[in-house]
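> Generate a structure from the sequence data that follows.
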Amino acid sequence: MKFNQLAYDNVNDFVYGVSKKPVVCKNGLVIGGGTIYPELNFTLPTMIITKDSMPDVIKEYKAIIEDALKRAKELYVPGLVVEIELLPPTTYNPEWGVEITKAVREIMYDYEAKHGLKSVMRITPVDIREDKKSPHMWHGSHWDAIMETFEGCAKAGADLLSIESIGGKDMHDEAMMFCEIDKSLFSLGVLGSMDMSRLWKEIKAIADRTGTIAAGDSACGFANTVMVLADRGFVPKIFSAVVRVISSVRSLVAIEEGAFGPHKDCGYEGVYIKAITGTPISMEGKSSACAHLSPVGNIAACVADLWSNESVQNIKLLGGMAPTVSLEQLAYDCRLMNTAAASGKESALLLRDWLCDSDSKFDPQAYVLRPDVVIEISKEIIKKDTPFERSKVAALKAIDVLEKAVADNKVQVSERELQYLPSMKRQIEAIPEDVEEFISEMIERDESGKLDPQKYDLKI
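Below is the predicted model of the structure:
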């Protein structure tokens, strides 16, 4: 599947809760059909996961979901998505991930049957291929464990299949530390996109076999990592903003291979995926501060179809257990947005624009998430055919848009950071037209030694 035209050509149709291609789940819950729902993501408190401790692990997960669903019922939540991001031991040992899925899903089924609370589960195995012992990106023990986890969890009741894949991250860590945008582009637009194609073909096949939904990926390990570093002053915000735009090309590959949403929450690049494909997206912002701080707390909600808290440990707060507290925050956020939408399209657009304008002028990372900017840049992305070509035009267009925004005083960028705009443009323009030549150049420039070309079947 290739996308050569936008799903949205009118920014006034590009709004939260409504997508051109809604996802209909088995129980009738419609994501992107006019209502924005919470997506609650939770994890364990600090504890060791072993075969012997698994009964305690299951007990913890059961307590989390029971308490959260009870609060959802009390708050008249119309429906919700529950995401479990499996921890490494529960992907290395697929049977443990399956056991967790079954235990949580049974309680969700019970609440739907007894109280009419519709819910669906997103399962997200961790991408353990980052392990140095992983023999290859597309075969071997680590690949097999991930696929076994997907299949087992799907059969145990998971509805949506997602992952935060790491293909290309072995080069990207170096790229972001030294602000080398050409290396970032190689990691996302070549290595990452190549990996996404192989990975999502297989995930889609599993979804088809199990009657589940191949939902979408996230460039969390790339763009979100840079965002957190920028927030702490380690890298320029302007660099992070351009990386975010490039990451959309990589995440688009999942949809081209058959995934159809909802796109995963921690991928803020989801706004570009929705603009191009029309698939619904999950987003996170102010209510994900429990997991990480960000400069995009409000603007992230502008075109969201699910509103997520990212992830929160099951620890005790004054108000209750942290996942239940997060559920309440998400529920109230969604209630406000749905009430505005119920008052008419103009009200929904007014709230969307308030969410947008309250953030976009203060940070370039927020500015590139503006609905109008997203559509402007997405128009350029779809003019090209390959991820490599699309990544280059995405980066160049993002730089042009930011240069103009700075000149027009629409976004604040420090004097110290302004020098990175022409510098990044020079790096992108110097990239060879031939992708094979570019690959050879990047392999030679790998200074960290983390990249093993043979794991990607690349010629050295």
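> From now on I want contacts and neighbour counts done on CA atoms only, so please keep to that.
Noted.
> List the buried residues of the helix or strand residue 200 falls within.
Element membership for residue 200, per DSSP states H and E: helix 193-210. The neighbour-count check on helix 193-210 (16 or more other C-alpha atoms under 10 Å) flags 193-197, 199-204, 206-207, 210 as buried.
> Likewise for stretch 411-422?
Judged by neighbour count (16+ other C-alpha under 10 Å), stretch 411-422 contains these buried residues: 411, 413, 420-421.
> from these, which two are the most distant?
411 and 420 (15.3 Å; C-alpha to C-alpha).
> Span of stretch 258-277 from start to end?
Stretch 258-277 has its terminal residues 11 Å apart, counting by C-alpha to C-alpha, to the nearest Å.
> same question, stretch 364-384
Note: stretch 364-384 ends 25 Å apart using C-alpha to C-alpha.
> Could I get the average pLDDT for that stretch?
Averaged across stretch 364-384, the pLDDT comes to 98.
> Now do the buried residues in that stretch.
In stretch 364-384, counting by 16+ other C-alpha under 10 Å, buried: 364-382, 384.
> any idea how far the residue lying farthest from the centre of the chain is from residue 399?
No residue in the chain sits farther from the centre than residue 52, which is 33.1 Å out by C-alpha atoms, centre = their mean. Counting by C-alpha to C-alpha, the separation of residue 52 from residue 399 is 53 Å.
> now residue 153
In terms of C-alpha to C-alpha, residue 153 sits 42 Å off from residue 399.
> ok, and what's touching the helix holding residue 200?
For helix 193-210, contacts defined as C-alpha atoms under 8 Å, 6 or more residues apart in numbering pick out 137-138, 147, 150-151, 154-155, 161, 165, 167-168, 213-214, 249-251, 253-254, 257-259, 387, 456.
> Now intersect those residues with the strands, please.
Assigned to strands by DSSP state E, the following of the contacts of helix 193-210 qualify: 161, 213-214.
> Contact partners for residue 23?
Applying C-alpha under 8 Å, 6+ apart, the residues near residue 23 are 30-33, 260-262, 279-280.
> Reformat the residues you listed as a markdown table; add neighbour count.
Below are those laid out as a markdown table (neighbours: other C-alpha atoms under 10 Å):
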| residue | neighbour count |
| --- | --- |
| 30 | 17 |
| 31 | 28 |
| 32 | 28 |
| 33 | 17 |
| 260 | 22 |
| 261 | 30 |
| 262 | 30 |
| 279 | 28 |
| 280 | 32 |
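> Can you pick out the most distant pair from those residues?
It's 33 and 260 that sit farthest apart of those, by C-alpha to C-alpha, at 14.1 Å.
> rewinding a little: between the buried residues of helix 193-210, which sits nearest residue 38?
For the buried residues of helix 193-210, the nearest to residue 38 is residue 207 (23.2 Å; C-alpha to C-alpha).
> Next one: the closest one, what pLDDT does it get?
On the pLDDT scale, residue 207 gets 98.
> then stretch 51-60 to CSV, C-alphas only?
Output of stretch 51-60 as CSV, limited to C-alpha atoms (Å, rounded to 0.1, in the frame of the first residue of the first chain):
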residue,chain,number,x,y,z
LYS,A,51,9.3,-17.8,37.4
ASP,A,52,8.9,-17.9,41.1
SER,A,53,7.6,-14.4,41.3
MET,A,54,5.1,-14.7,38.5
PRO,A,55,2.1,-15.3,40.9
ASP,A,56,2.9,-12.0,42.6
VAL,A,57,3.2,-10.3,39.1
ILE,A,58,-0.2,-11.6,38.1
LYS,A,59,-1.7,-10.5,41.4
GLU,A,60,-0.3,-7.0,40.8
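> Buried residues in that stretch, which are they?
Here stretch 51-60 shows 54, 57-58, 60 as buried, counting by 16+ other C-alpha under 10 Å.
> now stretch 175-185
175-176, 179-185.
> what about it, average pLDDT?
Stretch 175-185 carries an average pLDDT of 96.
> How far does that stretch stretch from one end to the other?
From its first residue to its last, stretch 175-185 covers 9 Å (C-alpha to C-alpha).
> residues in contact with that stretch?
Where contact means C-alpha under 8 Å, 6+ apart, the residues beyond stretch 175-185 that reach it are 171-172, 226, 235, 239, 243, 246, 388, 391-392, 424, 427-428, 431, 442.
> Which of these are buried, as a PyMOL select command?
In PyMOL, a selection of the buried entries from the contacts of stretch 175-185 looks like this (16+ other C-alpha under 10 Å):
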select buried, resi 171+172+226+235+239+243+246+388+391+392+424+428+431+442
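> Pick out the most distant pair among the contacts of stretch 175-185.
By the measure C-alpha to C-alpha, 235 and 388 form the most distant pair in the contacts of stretch 175-185, at 24.2 Å.
> got TSV for the buried residues of helix 193-210, with distance to residue 270 too?
Shown next, in TSV, are the buried residues of helix 193-210 (distance: C-alpha to C-alpha, whole Å):
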residue	distance to residue 270
193	15
194	19
195	18
196	15
197	17
199	18
200	16
201	20
202	21
203	19
204	19
206	23
207	21
210	25
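> Does the residue nearest the centre of the chain belong to a helix, a strand or coil?
Nearest to the mean C-alpha position of the chain, by C-alpha atoms, centre = their mean, lies residue 267 at 2.3 Å. Using DSSP: H, G, I helix; E, B strand; the rest coil, the structure places residue 267 in coil.
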